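J.: Below is the sequence, then the predicted model.
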Amino acid sequence: MPEDLKPNTQDSKLIIRCPWCGEDPLYQQYHDEEWGREVRDDKTMFEFLLLESAQAGLSWITILRKRENYRKAFADFDVNKVAAFTEKDVERLLQNEGIIRNKLKITSAISNAKLFIDIQKEFGSFCKYIWGFLPNGKPIINQFVSTQEVPARTEISDAISKDMKKRGFKFFGTTICYAHMQATGMVNDHILECHVRK
């Protein structure tokens, strides 16, 4: 069996997962219960958008471990509350050791929240907007045998990222956009042998 397809083990049972989640229980739970599952509600979509933006330049597990801290710091990912954050909130967040204390990322989370609301007003929901980039608004189901086949970006992630950048979004380049698409089930990149696929 190729290195890429070595199974992860859990409870002494042989379970094959996508190799990127390794042996970390938190990562495995995220892989099994969330990654690649369709997100059609704006609240969850905003949560992933905020977290993906915070992740820029870092590993996803770093953000995953801080997720509950982000939930508390960013008003349970309530987009309207985050959009209303002031300079005082920025200062508060910069003192919060439980999140990534990067001023650009913090201020971008607030400005992105405002832009998210603008899209909701224009399209009825953010999900309607972003899923609208996919053929018939349905997820792309890939058939990858190995994670080495999985792209870092696609023409669709290029298009979404370009449109969002034009609207003013920050920290949402095409690579982050594709990771966001994977996380929210817009694309299913679980390898064929992965137990989640079965």
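T.: Looks like it came in fine.
J.: and residue 37, how many neighbours does it have?
T.: 15 (other CB atoms under 10 Å). In this view, the C-beta of every residue, glycine as well, is placed from N, C-alpha and C.
J.: In three-state terms, label it for me.
T.: When classified by DSSP: H, G, I helix; E, B strand; the rest coil, residue 37 comes out as coil.
J.: which residues touch the residue nearest to it when sequence neighbours are not counted?
T.: Once flanking residues are discounted, residue 37 sits nearest to residue 185: 4.8 Å by CB to CB, 6 or more residues apart in numbering. Contacts for residue 185 were tallied using CB atoms under 8 Å, 6 or more residues apart in numbering; they are 36-39, 139.
J.: Drop anything exposed from those residues.
T.: Neighbour counting by 16 or more other CB atoms under 10 Å classes 36, 39, 139 among the contacts of residue 185 as buried.
J.: got the phi/psi numbers for the second one?
T.: Meaning residue 39. When read as degrees, to the nearest 10, the backbone of residue 39 gives phi -110, psi 120.
J.: Tell me if I'm right that it and residue 130 touch.
T.: No: with contact defined as CB atoms under 8 Å, residue 39 does not count as touching residue 130 (9.5 Å).
J.: Between the two, which contacts overlap?
T.: residue 45.
J.: packing partners for the helix ranked longest in the chain?
T.: Using DSSP state H, we find that the single longest helix of the chain is helix 103-123. Packing partners of helix 103-123 (3 or more CB pairs under 8 Å, 6 or more residues apart in numbering; DSSP states H and E): helix 42-55, helix 79-83, helix 87-94, helix 126-131, helix 155-167.
J.: Report the buried residues of the shortest one.
T.: Across helix 79-83, burial judged by 16+ other CB under 10 Å covers 79, 82-83.
J.: for the longest one, same thing?
T.: Residues of helix 42-55 classed as buried by neighbour count (16+ other CB under 10 Å): 42, 44-55.
J.: Identify the residue spatially nearest to residue 137, adjacent ones excluded.
T.: Closest residue in space to residue 137, ignoring its immediate chain neighbours: residue 131 at 4.7 Å, by CB to CB, 6+ apart.
J.: and what of residue 176?
T.: Using CB to CB, 6+ apart and skipping the chain neighbours, the partner closest in space to residue 176 is residue 52 (5.3 Å).
J.: cool, and residue 20?
T.: Leaving out its chain neighbours, the residue that sits closest to residue 20 by CB to CB, 6+ apart is residue 147, at 6.1 Å.
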